[in-house]
Every structure is written in structure tokens, then in C-alpha cells.
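[1] Any chance you could fold what I've pasted below:
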Amino acid sequence: MKLFTIGCSFTEGQDLKKQSIESYPHILAKKLELEYYNFGAAGASNDYIFRKIFELINSNIITKKDIIVIQWTHFLRKELPIKHKKYNFFNYLPNSFHTYDDKKITKMDGNIESVQNTNKDIEGIDKIKIEIEKTNKEILEKYVINFIQEEYQLNTTKNYINSLYTYLEYLGYKHIHFFGWSGCIIDSIFDKKANFIKESFGEYTSTKGNEHPNKKGHEKWANFLYNKINEFNYLDTFQSQINGYRKELIRLNTEIELNLETFHKQIKEQQIINLDNELNKIKSIRLKKLEEEIEEETIRLNEIKNQTKKEIEIEKQKRKPKTLI
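    As a prediction, this is how the structure comes out:
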């Protein structure tokens, strides 16, 4: 069981200092004790959300065991694909004329999987994007003025939501839907469905307009979604327990490794202490023996000295001149 989240900048965690750990997908996944993949993309449209969910399902990345959290964004946004040489990019209109990468799951250091930009490893990618933006800016501006029609976009979003919701519900996927902020809300979209949440992310966290929620807002929304997921009985208790045990095993393994490292360090330190004690003991024994030898030698030399003195004195007596008297 895994957690998949998708949406625009609200789900990506824009304006947070540490998106990877402060955004609601990370906080929610931690509470659920699940691996997670956050496909939130700044400026993304409902075209992207609809396309990406089906892409992940059709490639068997999302399964019926997983939990899908879908944050629908403003209906006026539109996704346009761009082909530049051999690379694929997207524009999210009308809110931005920047060139964006698609999102995919890739393996990072240590084979840890995470959601990354598709073209992030291309050399000079930023220059390529700037080149595309300069080339297409005038065309895109004219497109926004002439071809983005509000009623059409609204109906398209309704169709996306209706078809995706019905598809997921009919096939038995575990899914939750909500809108990013109050300005996105489309009335009468599954009003009676519990897993289509009535509160928007921004509205629930008291975020003004379409500003991005802060860290506390993400924490509050993660707690709200966590309670909803439990309410809908989406958690596979057995799988959740296995994930919990797995995490506990990883924690214990790390703890054991640290303890072993400390233990080995203590052993080495004790070995050094024992070696020092042994050396000091040997030094002490040798020093004592040396002192004894010096003392014995001193006694012997003193005896020789005294004996020599006596002999000299005797010799002096012998050489002393005899008197005539």
C-alpha cells in the first residue's frame, strides 16, 4: 500500500521552506506509515491531474491497494504539450508562460524512489526552457486571448472530475477528492459523496484567496485527511502493520549498528587501556629489576672501593720509611 497525491502548487507545497517534509503529503504519509509519491506541480491544470492519474493507473504504478488523494485546481487552467527537439515539455496557461517538465518516479541515491522532473538530468536544461519560452511567448499570449474560453474550461473540468471519480469508484480504488481553494470549487460535483470533500484545502486552513497554505496549514490539512482516510476504512490494517514492523526493523537495525559501533569503539578503547596497563606493568617490573640491579652493582662497587682503600692503606704502610732508632 502506498499514498499517491496529485494537484497543483497547493499539493506540491509551494512557498514552504522545506517542501519535502513540510507539505501535507509527507506529513500524511508519515501518519499513515506509508511510502508516498507527490505529483503536485506548481501551476498545473486539471488536464495534468486527469492525464497523470490515468497514466499511473495504466502503467500499474497505482494499484487498488493504494490510496489516491486528488486536489483539483482552478478550471480555467489549461495544459499544452510542447515538443522541442527530442524533449517533451508543457505549458500551463493562462497563469504562466513558463515551460515545465512532466513528473515521473525516478530512483535517487541509494535507490530511493521519488517524484522528479522528467528532464532534470539534461545538460543545459534551464537554457533550453528559456529558449522555448522566448520563442513561444507571443504565440501563447495570442492563444490565451483567442482560445481559452471559460465555459468550455468549466465543462471540461466537470467532465474530468465526473469520469475520473466514476472510474475509480466503479473499479474499487481508494480515492479522495477536494479543491485547492474556494475559487476552484464547482458546485454540485458529487455533493453527496463522502470521499469528495466539501471543504477546500485553503478554506479549511483559513488561507486568504489563492495564497498558499503555510506549514501549520499543511499540518492541519494532513490531520484532516488522516481522519477522513480512517473514516473511509481505506487503511489495510495488515499491510499497515507490516509497514510499521518494517520501519521498526529498520529503526532497530540502525540502533543495533550504532550500538555495535559504540561497542566496538568501547572494546578498542578498553584494549588500549589494557595494553597501556600491561605496558606500565612491564615498565614497572623492569624498572624495579633495574633498580635492584643498580643497587646490587652499587653495593659491589662500594665493596670494591672499600677494599681498594684498604689495599692502598696497606701499601702506604709498607712504603713508609723505617726509623733508625
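[2] three-state assignment of Thr63?
    The three-state label given to Thr63 by DSSP: H, G, I helix; E, B strand; the rest coil is coil.
[3] ok, it to Met1 distance?
    With distances taken as C-beta to C-beta, to the nearest Å, Thr63 is found 9 Å from Met1. All C-beta spots, glycine's among them, are computed from the backbone N, C-alpha and C.
[4] Same drill for the two, tell me which one is more crowded.
    Met1 (20 against 12; other C-beta atoms under 10 Å).
[5] Ile67 is in contact with the more buried one, correct?
    Yes: with contact defined as C-beta atoms under 8 Å, Met1 reaches Ile67; the gap is 7.1 Å.
[6] Give me the below-cutoff pLDDT ranges for the chain.
    110, 237-247, 320-325 (pLDDT under 70).
[7] can you list the domain ranges for it.
    2-248, 254-318 (automatic domain parsing).
[8] quick one, which of those domains is packed in tightest?
    domain 2-248 (a mean of 17; mean count of other C-beta atoms under 10 Å).
[9] and the end-to-end length of it?
    Using C-alpha to C-alpha, to the nearest Å, the end-to-end distance of domain 2-248 comes to 18 Å.
[10] Report the distance from it to the chain centre.
    19 Å (C-alpha atoms, centre = their mean, to the nearest Å).
[11] And the helices in the stretch 51-200 of the chain?
    125-147, 150-171 (DSSP state H, counting those that start in this stretch).
[12] Dump these to a markdown table, plus distance to Glu292.
    Below are the helices of the stretch 51-200 of the chain laid out as a markdown table (distance: least, C-beta to C-beta, whole Å):
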| stretch | distance to Glu292 |
| --- | --- |
| helix 125-147 | 82 |
| helix 150-171 | 94 |
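[13] wait, which of those is closest to Glu269?
    helix 125-147 (51.0 Å; C-beta to C-beta).
[14] The closest one packs against which elements?
    Where contact means 3 or more C-beta pairs under 8 Å, 6 or more residues apart in numbering; DSSP states H and E, helix 125-147 is packed against strand 78-84, strand 87-93, strand 99-100.
[15] Please verify my assumption that Leu3 contacts Ile67.
    Yes: the criterion here is C-beta under 8 Å, and Leu3 meets it with Ile67 at 5.1 Å.
[16] Need the residues touching each of those two.
    Leu32, Leu34 (C-beta atoms under 8 Å, 6 or more residues apart in numbering).
[17] Next, the contact list for the closest residue to Phe54 other than its chain neighbours, please.
    Nearest-residue entry for Phe54: Leu164, 7.7 Å, with adjacent residues in sequence omitted and distances by C-beta to C-beta, 6 or more residues apart in numbering. Contacts for Leu164 (C-beta under 8 Å, 6+ apart) come out as Phe50, Ile53, Phe54, Ile70.
[18] and the angle for the helix or strand where the first one lies with strand 78-84?
    Pointing back at Phe50 there. In the assignment (DSSP states H and E), Phe50 maps to helix 46-58. Here the directions of helix 46-58 and strand 78-84 differ by 70 degrees (axes from the mean of the first three to the mean of the last three C-alpha atoms, to 10 degrees).
[19] Helix 46-58 - contacts with which helices or strands?
    Taking 3+ C-beta pairs under 8 Å, 6+ apart as the contact cut, helix 46-58 packs with strand 2-6, strand 67-72, strand 78-84, helix 150-171.
[20] Name the residues that touch that helix?
    So helix 46-58 is contacted by 4, 6-7, 39, 41, 62, 68, 70-73, 75, 77-79, 90, 92, 103, 156-157, 160-161, 163-164, 173 (C-beta under 8 Å, 6+ apart).
[21] Swap in 6 Å and give it another go.
    By C-beta atoms under 6 Å, 6 or more residues apart in numbering, the residues outside helix 46-58 that reach it are Ile6, Phe39, Ile62, Trp72, Thr73, Glu79, Thr157, Tyr160, Leu164.
[22] Just the CA trace of it, in PDB.
    Once non-C-alpha atoms are left out, helix 46-58 reads as follows in PDB (Å, rounded to 0.1, in the frame of the first residue of the first chain):
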ATOM      1  CA  ASN A  46      -6.800  19.800 -14.300                       C
ATOM      2  CA  ASP A  47      -5.700  18.400 -17.700                       C
ATOM      3  CA  TYR A  48      -2.400  17.400 -16.000                       C
ATOM      4  CA  ILE A  49      -4.200  15.800 -13.000                       C
ATOM      5  CA  PHE A  50      -6.600  13.800 -15.200                       C
ATOM      6  CA  ARG A  51      -3.800  12.700 -17.600                       C
ATOM      7  CA  LYS A  52      -1.400  11.800 -14.800                       C
ATOM      8  CA  ILE A  53      -3.800   9.700 -12.800                       C
ATOM      9  CA  PHE A  54      -4.700   7.600 -15.800                       C
ATOM     10  CA  GLU A  55      -1.000   7.300 -16.800                       C
ATOM     11  CA  LEU A  56      -0.100   6.000 -13.300                       C
ATOM     12  CA  ILE A  57      -3.000   3.500 -13.300                       C
ATOM     13  CA  ASN A  58      -2.500   2.300 -16.800                       C
END
